[in-house]
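In: here is the input, now give the coordinates:
(chains A and B)
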Amino acid sequence: MSAPAELLKTPLNSVHRELGARMVDFGGWDMPMQYSGIIDEHLAVRQAAGLFDVSHMGEIEVRGPQALDLVNYISTNNAAKLQTGQAHYAGLLYEHGGFVDDILVHKVAGDHFFLCVNASNQDKDYAHIRSHNRWDCTVENAGPRYAQVAIQGPRALEILQKLTATDLTAMKYYWFADGQVSGRPARIARTGYTGEDGFEIYVDPSEAADRWNELLRAGRDLGLKPAGLGARNTLRLEAKMALYGHEIDASISPLEADLGWIVKFDKGDFVGRAALENQKAAGLKRKLIGFEMRGRGIGRDGYEVHVDGVPAGWVTSGGPAPSLNKNIGLCYLPTDQAQVGRPIKIIIRNQPVEAITVQTPFYKRSK
Amino acid sequence: MTYPENYGYTKEHEWVSVEGGVCVVGITFHAQKELGDIVYVDLPRPNTAVEAGKTFGSVESVKAVSDIFAPVSGEVVEVNQALADAPEMLNEKPHDAAWLVKIKLSNPEEIKSLMSAADYQSYLGG
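Out: Now for the predicted structure:
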């Protein structure tokens, strides 16, 4: 079965097909949903390691003497605090305070920042960043120059270390290094989207298949499994990491999304700042909160949430949590109702089913 | 995968085994494979009337909810209670232990419109 011609493919497309992956159209990309099964892959990442192709993700490079000024103006976190070789999570906002995207900002050098952005947002992000470029920076939509492979899980370090001279143990969480994997150039970042320790590796697309196969071989006896977007989603939900189009979008601010920690009001002006200050002063109308199903049923993305019999919000992401043997989710509720321990009802096929708001993250790895 | 010769099959990937006036209904091996890990099953209560071609329940995988369509019309006389606690049985034994419901036929003629195992397999494209 071949994919429709219009779908975009990562350099690993044929590798996935050879592995027997079930492929899906993910935002216009022909991507692996699963290989051995979502639950099996999910548990492999929690217990050993999983290998993900995330080459669809976009990369934007910002270069120039005033690169920091531009990056700090278009993002919510304070890039001035980053040291060379350090990365952080940030929001890219519209003036009205809603998300253009959520991104990872890597400081490669004083005059060079490397942004990892969502696949389906990359062109929009690029246009947005350029529209605010008053500092004459060079902004490059560099997605086609990078493939990205993520190795995640408690054994990720041990596996990757077999193939690189970069001292991974010395690399702190959310730091990165330009080194080599199997003797070929690679940007190795200790970042991820699973709630586990792990690395995201940026390589030349023409070499991605070799790196992928070498990693799979290196991890074969250590429990490493290829993992698809299905497991990526259940893993990130357990770790309560936001997904664009679900927890966050153009209509939602980082304050509402429980992402106040990536908004640095003390750093100077940035796009969306005024709107967020107004929102803060006026008080937030809604907030993101986690829930667990109590009744039989699975609250899923988009389902309505009732409090005291009245429609109060909606589920942004919901589904089974394979590590926890529970059905969990995230939802927006009016701020005065968004407290842990509140009984709520999720409307599942017209039936209200009991759930309760809970503390998040649902899953936290032991360090 | 072998599809039992004595079952009838639908385009919605259900199988039907007729035992007297009662049909045992399940989802096919192909259906469970397409769905992936099944984590929840929603079935009607006994005595519910169902109509051929209409949805009467759902099967949920990690990723998605799929409707189950009644292959025949009639009355649900028994529901496989074991699936409530062990929905993964649908992945493991879709053609036998993980049957969904038993339906007492109201129109035995409907059985004739089901596909044979051979027809179903060619419908699957192989």
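In: which non-adjacent residue is nearest the most centrally placed residue in chain B?
Out: Centroid-nearest residue in chain B: B:G26, 2.5 Å away (criterion: Cα atoms, centre = their mean). Among residues not flanking B:G26 along the chain, B:W99 sits closest, at 4.4 Å (Cβ to Cβ, 6 or more residues apart in numbering or on different chains). Where you see a C-beta, it was placed from the backbone N, CA and C, and this is true even at glycine.
In: tell me the spacing between the one you found and A:A109.
Out: 64 Å (Cβ to Cβ, to the nearest Å).
In: so between these two, which is more surrounded?
Out: Legend: neighbour count by other Cβ atoms under 10 Å in any protein chain shown for B:W99 and A:A109, higher for B:W99 (23 against 11).
In: quick one, strands of the stretch 51-200 of chain A?
Out: A:58-63, A:87-93, A:99-109, A:112-117, A:138-141, A:147-152, A:176-181, A:184-189, A:198-203 (DSSP state E, counting those that start in this stretch).
In: mind checking what secondary structure B:W99 has?
Out: Following DSSP: H, G, I helix; E, B strand; the rest coil, we place B:W99 in the coil state.
In: next one: it from chain A, what distance?
Out: 20 Å (Cβ to the nearest Cβ, to the nearest Å).
In: ok, A:S206 - contacts?
Out: A:P11 (Cβ atoms under 8 Å, 6 or more residues apart in numbering or on different chains).
In: distance of the residue sitting nearest the centre point of chain A from A:G20?
Out: The centroid of chain A falls nearest to A:Y193 when counting by Cα atoms, centre = their mean (4.9 Å). According to Cβ to Cβ, A:Y193 and A:G20 sit 24 Å apart.
In: and what of A:V307?
Out: Applying Cβ to Cβ to A:V307 and A:G20 gives a distance of 45 Å.
In: and A:L168, by the same measure?
Out: Taking Cβ to Cβ, one finds A:L168 at 30 Å from A:G20.
In: these two - which one has more neighbours?
Out: A:L168 (19 against 11).
In: tell me the contacts of the more buried one?
Out: A:L157, A:L160, A:Q161, A:I188, A:R190, A:F199.
In: just checking, A:H132 touches A:Y73?
Out: Yes: using Cβ atoms under 8 Å, A:H132 is in contact with A:Y73, at 5.9 Å.
In: more crowded one of these two?
Out: A:Y73 (20 against 16).
In: confidence score at the more buried one?
Out: pLDDT recorded at A:Y73 is 98.
In: which strand or helix spans whichever residue of the stretch 201-350 of chain A sits closest to chain B?
Out: Using Cβ to the nearest Cβ, the closest approach of the stretch 201-350 of chain A to chain B is made by A:P320 at 4.7 Å. Taking DSSP states H and E as the definition, one finds A:P320 inside strand A:310-321.
In: quick one: buried residues of that strand?
Out: A:A312, A:G313, A:W314, A:V315, A:T316, A:S317, A:G318, A:G319, A:P320, A:A321 (16 or more other Cβ atoms under 10 Å in any protein chain shown).
In: quick one: strands adjacent to the next helix or strand after that strand?
Out: Tracing the chain past strand A:310-321, the next element assigned as helix or strand by DSSP H and E is strand A:326-334. In the sheet, strand A:326-334 lines up against strand A:286-293 (antiparallel), strand A:310-321 (antiparallel) (DSSP bridges).
In: got JSON lines for those strands, with mean pLDDT too?
Out: Listed next are the strands paired with strand A:326-334 as JSON lines, based on pLDDT from 0 to 100:
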{"stretch": "strand A:286-293", "mean pLDDT": "98"}
{"stretch": "strand A:310-321", "mean pLDDT": "98"}
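In: can you put those strands in CSV and add distance to A:N213?
Out: Output for the strands paired with strand A:326-334, formatted as CSV (distance: least, Cβ to Cβ, whole Å):
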stretch, distance to A:N213
strand A:286-293, 38
strand A:310-321, 31
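In: for A:Q339, find the nearest of those strands.
Out: strand A:286-293 (7.7 Å; Cβ to Cβ).
In: the next helix or strand after that closest one and chain B, are they touching?
Out: Using DSSP H and E, the helix or strand that follows strand A:286-293 in sequence is strand A:304-307. No: against chain B, strand A:304-307 shows no contacts by Cβ under 8 Å from any Cβ of the partner chain, the least distance being 15.0 Å.
In: and strand A:304-307, what does it pack onto?
Out: strand A:310-321, strand A:326-334, strand A:343-348 (3 or more Cβ pairs under 8 Å, 6 or more residues apart in numbering or on different chains; DSSP states H and E).
In: what ranges does chain B have for its helices?
Out: B:29-35, B:82-85, B:89-92, B:117-123 (DSSP state H).
In: which one of the ones you listed lies nearest to A:Y244?
Out: helix B:29-35 (26.2 Å).
In: anything in contact with each of A:H132 and A:Y73?
Out: Any residue near both A:H132 and A:Y73 by Cβ under 8 Å, 6+ apart counts here, and that gives A:V271.
In: mind listing what residue 53 touches?
Out: All of this refers to chain A. Taking Cβ under 8 Å, 6+ apart, one finds A:T10, A:L12, A:V15, A:H16, A:M31, A:P32, A:A147, A:Q148, A:V149, A:A208, A:W212 in contact with A:D53.
In: that answer is for a different chain, and I need it for chain B
Out: Per Cβ under 8 Å, 6+ apart, neighbours of B:G53: B:F69, B:A70.
In: what about it, distance to chain A?
Out: 19 Å.
In: what's the neighbour count on A:I346?
Out: 27.
In: which pLDDT value belongs to the residue lying closest to it once chain neighbours are set aside?
Out: Excluding the flanking residues, the one nearest A:I346 by Cβ to Cβ, 6+ apart is A:G299, at 3.6 Å. You'll see A:G299 listed with a pLDDT of 97.
In: isn't A:G299 right next to A:M293, touching?
Out: Yes: in this structure, A:G299 is within contact of A:M293 by Cβ under 8 Å, at 5.9 Å.
In: more neighbours, those two?
Out: The neighbour comparison of A:G299 against A:M293 (other Cβ under 10 Å) goes to A:G299, with 29 against 22.
In: gap between the more buried one and A:V315?
Out: A:G299 is 5 Å from A:V315, by Cβ to Cβ.
In: now swap in B:A98 and tell me
Out: Taking Cβ to Cβ, one finds B:A98 at 28 Å from A:V315.
In: likewise for A:E207?
Out: For A:E207, the distance to A:V315 - Cβ to Cβ - is 41 Å.
In: and for A:G91?
Out: Applying Cβ to Cβ to A:G91 and A:V315 gives a distance of 22 Å.
In: fine, thanks again, bye for now.
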